[in-house]
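Asker: sequence-free structure coming up:
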């Protein structure tokens, strides 16, 4: 009856937040009205391989390689195994400790201490002892069970931390590939503008040779061309660094180049975007589950601290044999045994155990606040992403319209330059506008892709829909 109780609080998972949405009323996106090219669907299932919705074979392959070879993920998986082994080791405290001991000594005693009644008056003799000792600390008040509960919670936290690492890894690889595509698009747009500026410069030089324009007009266009070319080296540097990042994320050295390259056209915008209800988010986000498991561990530590202030009951049993000759062990008359019980209670410790209990209780309060902070951050992530998706759709539409207008304008101006009918300042301004609108369009496309990735990440990534691993058959993993 005594071993059936465990002091301290019994952990209950915190209830989900009592909110019905992620944005204030009237500002939430209408899930029934699709964004241009996309639609938010409330309560839709999130696939565990959500990146496949972008329909890029190279991205799928790269993320698969990252899951296999990324060192951070491998370290997280090892941490899970460490925590699980630690939790299993903690269970050993529930069982008796059995130790076997064999001792052999050769001893010489002073003649004055040898008693006449001894079996032999020899002052030099050997003594052999074999014994088994059983020690059991009764978990009367549940302190050991609370420690096991805490260790299990920490193992659960590590398992969810591993999921968080994989979610971050897959999102980082997807974003890195999208950023590479964005940089390649910006480089291509810059080169197109440079090529246009070079053609216009050739026209202006011919017009100068014919005496139609001043040399300063040619120099102004040369300056505009040089300024456009200045944009390429930083973009090339960023692209090279992005390739290095992709190598790192997939467990490669920078010298081990990745065969696949990414363009904006390599991706397709997911047509359907899931939107979990707030009550589900706290069960889906790995970081929230980590915080909840840590809160559970802190709750169990309170019980352990309380149990440490209560009496400890230890049972000990010892049995064995001792003889003056090894061949005489376990012969009649050499056996011995002992059974003992001990109950100990701390009487005075200057408040040490009480303060440790207070510390455990405050650690629980700290974990409670940290859990709430993680939940608030998660809801902020989803809200920010929803706002970004709304803005992305408008930004991309505006960027496409601006690029179309700038392209038509530059084409008209190019014809006027060829006919010698254009003012050079208007041409320079048009070239700059054409470049900026092209860059803005590429960046808007990349932003919309990245924010779609961010939504999957903010909602937890779908790890709960991952099929369980197939057990090995005849030693072969299926």
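Answerer: Ah, there it is. What you see is a predicted model; the values in this text were computed from it and never measured.

Asker: Show me what counts as buried in stretch 283-297.
Answerer: By 16 or more other C-beta atoms under 10 Å, the buried positions in stretch 283-297 come out as 284-297. C-beta: built from backbone N, CA, C; applies to glycine.

Asker: Stretch 51-63 too?
Answerer: For stretch 51-63, a neighbour-count test (16+ other C-beta under 10 Å) marks 51, 53, 54, 56, 59, 62, 63 as buried.

Asker: Equivalent analysis for stretch 346-356, please.
Answerer: Within stretch 346-356, judged by 16+ other C-beta under 10 Å, the buried ones are residue 356.

Asker: Just the endpoints, please. Distance across it?
Answerer: 14 Å (C-alpha to C-alpha, to the nearest Å).

Asker: Out of the buried residues of stretch 51-63, give me the two with the largest separation.
Answerer: Using C-beta to C-beta, the pair of these lying farthest apart is 53 and 62, separated by 15.4 Å.

Asker: mind listing the helices for this protein?
Answerer: 57-69, 71-90, 143-209, 215-229, 232-249, 278-284, 286-307, 352-418, 424-458 (DSSP state H).

Asker: Figure out which of those helices is closest to residue 134.
Answerer: helix 143-209 (17.0 Å).

Asker: so what does that closest one touch, helix or strand wise?
Answerer: The contact analysis (3 or more C-beta pairs under 8 Å, 6 or more residues apart in numbering; DSSP states H and E) places helix 143-209 against helix 57-69, helix 71-90, helix 215-229, helix 232-249, helix 286-307, helix 352-418, helix 424-458.

Asker: any idea of the mean pLDDT for it?
Answerer: In this model, helix 143-209 has an average pLDDT of 95.

Asker: Ok, stretch 245-263 next?
Answerer: On average, the pLDDT along stretch 245-263 is 94.

Asker: And it, end to end?
Answerer: Stretch 245-263 end-to-end distance (C-alpha to C-alpha) = 17 Å.

Asker: Repeat that for stretch 462-469.
Answerer: Terminal residues of stretch 462-469 lie 16 Å apart, using C-alpha to C-alpha.

Asker: buried ones in it?
Answerer: So, applying 16+ other C-beta under 10 Å, buried residues of stretch 462-469: 462, 463.

Asker: One more: stretch 37-46?
Answerer: 38, 39, 40, 46.

Asker: ok, the spatially closest residue to the second one that is not a sequence neighbour - contacts?
Answerer: Residue nearest to residue 39 in three dimensions, not counting chain neighbours: residue 272, with 5.7 Å by C-beta to C-beta, 6 or more residues apart in numbering. Listed by C-beta atoms under 8 Å, 6 or more residues apart in numbering, the contact partners of residue 272 are 38, 39, 41, 44.

Asker: Run through the bridge partners of the third one.
Answerer: Think residue 41. With DSSP bridges applied, residue 41 shows beta-bridge pairing to residue 274.

Asker: wait, doesn't it sit right on residue 277?
Answerer: No - applying C-beta atoms under 8 Å, one finds residue 41 not in contact with residue 277, separated by 11.7 Å.

Asker: among the helices and strands packed on helix 143-209, which is the most enclosed?
Answerer: Counting by mean count of other C-beta atoms under 10 Å, helix 286-307 has the highest mean neighbour count of the helices and strands packed on helix 143-209, with a mean of 23.

Asker: Can you give the distance from that helix to the centre of its chain?
Answerer: 20 Å (C-alpha atoms, centre = their mean, to the nearest Å).

Asker: before we move on, the earlier item: from the contacts of residue 272, pick the one nearest residue 442.
Answerer: residue 38 (18.8 Å).

Asker: What does the pLDDT read for that closest one?
Answerer: Looking at residue 38, the pLDDT reads 88.

Asker: ok, and the closest non-adjacent residue to residue 301?
Answerer: Nearest non-adjacent residue to residue 301, counting by C-beta to C-beta, 6+ apart: residue 360, 4.7 Å away.

Asker: got the contact list for the one you found?
Answerer: Applying C-beta under 8 Å, 6+ apart to residue 360 gives the contacts 298, 301, 302, 304, 305.

Asker: and if we set it to 7 Å?
Answerer: 301, 302, 305 (C-beta atoms under 7 Å, 6 or more residues apart in numbering).

Asker: For the last one, list the residues it contacts.
Answerer: The neighbourhood of residue 305, defined by C-beta under 7 Å, 6+ apart, consists of 356, 357, 360.

Asker: Can you lay out these as CSV showing pLDDT and distance to residue 467?
Answerer: Converted to CSV, the contacts of residue 305 look like this (pLDDT from 0 to 100; distance: C-beta to C-beta, whole Å):
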residue, pLDDT, distance to residue 467
356, 96, 45
357, 96, 45
360, 96, 40
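
Asker: of all those, which comes closest to residue 410?
Answerer: Closest to residue 410 out of the contacts of residue 305 is residue 360 (70.5 Å), distances taken as C-beta to C-beta.

Asker: for this protein, what's the longest strand?
Answerer: The residue-count maximum for a strand in the chain (DSSP state E) belongs to strand 124-138.

Asker: Just checking: what are the partner strands of it?
Answerer: strand 97-108 (antiparallel), strand 312-323 (antiparallel).

Asker: I'd like these written out as JSON lines, with mean pLDDT and mean neighbour count added.
Answerer: As requested, those are exported to JSON lines (pLDDT from 0 to 100; neighbours: other C-beta atoms under 10 Å):
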{"stretch": "strand 97-108", "mean pLDDT": "92", "mean neighbour count": "10"}
{"stretch": "strand 312-323", "mean pLDDT": "93", "mean neighbour count": "16"}
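
Asker: Out of those, the one nearest residue 450 is which?
Answerer: Nearest of those (C-beta to C-beta): strand 97-108, 56.6 Å.

Asker: could you give the mean pLDDT of stretch 444-458?
Answerer: Here the average pLDDT along stretch 444-458 is 97.

Asker: which outside residues touch stretch 362-378?
Answerer: 14, 17, 281-282, 285, 287-288, 291-292, 294-295, 298-299, 301-302.

Asker: Ok, stretch 431-441 next?
Answerer: Applying C-beta under 7 Å, 6+ apart, the contact partners of stretch 431-441 are 186, 189-190, 193, 196-197, 224, 228, 399-400, 402-403, 406-407, 410.

Asker: How far off centre is that stretch?
Answerer: 37 Å.

Asker: Most widely separated two among the contacts of residue 272?
Answerer: Pairwise distances across those (C-beta to C-beta) peak at 12.2 Å, for the pair 38 and 44.

Asker: Now do the phi/psi pair for the nearest residue to residue 207 once chain neighbours are set aside.
Answerer: Excluding the flanking residues, the one nearest residue 207 by C-beta to C-beta, 6+ apart is residue 213, at 4.8 Å. Dihedral pair for residue 213: phi -130, psi 160, per degrees, to the nearest 10.

Asker: Against residue 202, how distant is residue 213?
Answerer: Relative to residue 202, residue 213 is positioned 13 Å away (C-beta to C-beta, to the nearest Å).

Asker: Tell me which of those two has more neighbours.
Answerer: residue 213 (19 against 11; other C-beta atoms under 10 Å).
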